[in-house]
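Chemist: from the sequence below, what's the structure:
(one chain, ligands or ions: 1)
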Amino acid sequence: MAQNVPDFRFGEDAIKVRQFLYQFWCERGYPPALRDAAEATGFDRRRLMQAYRELDLGIMIVIDQEAENVNILKCMPFSAYPTQARLMMDGRFHSYLGCAMEAMAASRMPPFAGKACEIEAYCACCLARIGLVMTDGAVISARPDSVLIHVSLSPWYWNTTNVMRMCDSMNFVLDRSHADRFERQAGRRGAIFTLEQGLAFVSRGVSTRMWDPHRPPDFIRPAQMLDGLKSLGVDVSMWE
Ligand SMILES: [Zn+2]
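Modeler: As a prediction, this is how the structure comes out:
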């Protein structure tokens, strides 16, 4: 919703709705309509709308703020529209994931515990296939094993209105030469994360996502974000 939002806690309605969204999306692979949410929670449309806005402010979901039906675009790690990473379960399409970083995070959702989560993705520059298998937040295999995550947007621009642009900037690439090529194609420079750095970057959030119904909101505070990236050993000099 915005950067540097002051600390707040989610209310009981938002907590109940968030847990329902996770359960519904993990089970079905797509987001619920308002009627599904009403049937599950007993809330009417205004009460749901307020809970959705609160969850959007706390960076748990992204809604179309202008829409009368508060259309859900994302409930991290999931995306309602096609992205670079699709989650496959038992050889079948399950859902689209928010971005390359959310692809690192998805296997930590409680309903997926112990399961092989296959991530079907592709290189941002040449669209060549990339495949990961993840279980409980660990990379079991990566094809090719040179895969990296390119982030083309500085944290100073993350979540200025919502996280759509930030997620869009986090892409898999085959290796450093493909990252260079993507930078020329997109006309943007970015930071490069190894898969291990990507896992470390998402680890704090995924350890409590859905596991803890009272997990507090997320906040984008750019200066702290940059310090965090540096502490993971990510080279952020191109943004300074
Ligand atoms: Zn490529």
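
Chemist: restricting to C-alpha, output the lengthiest helix in the chain in CSV.
Modeler: In the chain, ranked by residue count with DSSP state H as the criterion, the top helix is helix 12-28. This file holds the C-alpha atoms of helix 12-28, laid out as CSV (Å, rounded to 0.1, in the frame of the first residue of the first chain):
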residue,chain,number,x,y,z
GLU,A,12,-9.7,-10.1,14.3
ASP,A,13,-11.6,-9.8,11.1
ALA,A,14,-8.5,-9.5,9.0
ILE,A,15,-6.9,-12.4,10.8
LYS,A,16,-9.9,-14.6,10.1
VAL,A,17,-10.1,-13.6,6.5
ARG,A,18,-6.3,-14.1,5.9
GLN,A,19,-6.4,-17.6,7.2
PHE,A,20,-9.4,-18.4,5.0
LEU,A,21,-7.6,-16.9,1.9
TYR,A,22,-4.6,-19.2,2.6
GLN,A,23,-6.7,-22.3,3.1
PHE,A,24,-8.8,-21.6,0.0
TRP,A,25,-5.9,-20.8,-2.3
CYS,A,26,-3.7,-23.7,-1.1
GLU,A,27,-6.6,-26.1,-1.6
ARG,A,28,-7.8,-24.9,-5.0
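
Chemist: just name whatever secondary elements the next helix or strand along the chain from that helix is in contact with.
Modeler: Downstream of helix 12-28, the next assigned helix or strand under DSSP states H and E is helix 34-41. Contact partners of helix 34-41 among helices and strands, from 3 or more C-beta pairs under 8 Å, 6 or more residues apart in numbering; DSSP states H and E: helix 12-28, helix 45-57. From N, CA and C alone the C-beta is placed, and that goes for glycine too.

Chemist: adding mean pLDDT, distance to residue 195 and mean neighbour count, write these out as CSV.
Modeler: Supplementary listing: these in CSV, determined by pLDDT from 0 to 100; distance: least, C-beta to C-beta, whole Å; neighbours: other C-beta atoms under 10 Å:
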stretch, mean pLDDT, distance to residue 195, mean neighbour count
helix 12-28, 98, 23, 18
helix 45-57, 97, 29, 19
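
Chemist: leaving out chain neighbours, which residue sits closest to residue 140?
Modeler: residue 133 (4.3 Å; C-beta to C-beta, 6 or more residues apart in numbering).

Chemist: what mean pLDDT does the host helix or strand of the one you found have?
Modeler: Residue 133 belongs to strand 129-135 when assigned by DSSP H and E. Per-region confidence: strand 129-135 scores 98 on mean pLDDT.

Chemist: which other helices and strands contact that strand?
Modeler: If you count contacts as 3+ C-beta pairs under 8 Å, 6+ apart, strand 129-135 packs onto strand 117-122, strand 138-143.

Chemist: change it to 10 Å
Modeler: In this structure, strand 129-135 packs against strand 85-89, helix 100-105, strand 117-122, strand 138-143, strand 170-173, helix 195-206, with contacts taken as 3 or more C-beta pairs under 10 Å, 6 or more residues apart in numbering; DSSP states H and E.

Chemist: how does the protein divide into domains?
Modeler: The record's domain split for the chain, according to automatic domain parsing, is 12-75, 82-239.

Chemist: which residues of the chain lie near the ion?
Modeler: For the chain, the residues in contact with the ion (C-beta under 5 Å from the ion) are 123, 125, 126, 174, 178.

Chemist: out of these, grab the one that's most surrounded.
Modeler: Of all the residues of the chain next to the ion, residue 123 has the most neighbours under the rule other C-beta atoms under 10 Å, reaching 23 neighbours.

Chemist: which residues are in contact with that residue?
Modeler: Contacts here follow C-beta atoms under 10 Å, 6 or more residues apart in numbering; on that basis residue 123 touches 84, 129-130, 144, 147-148, 150, 171-175, 178-179, 181-182.

Chemist: I'm done for today, thanks for sticking with me.
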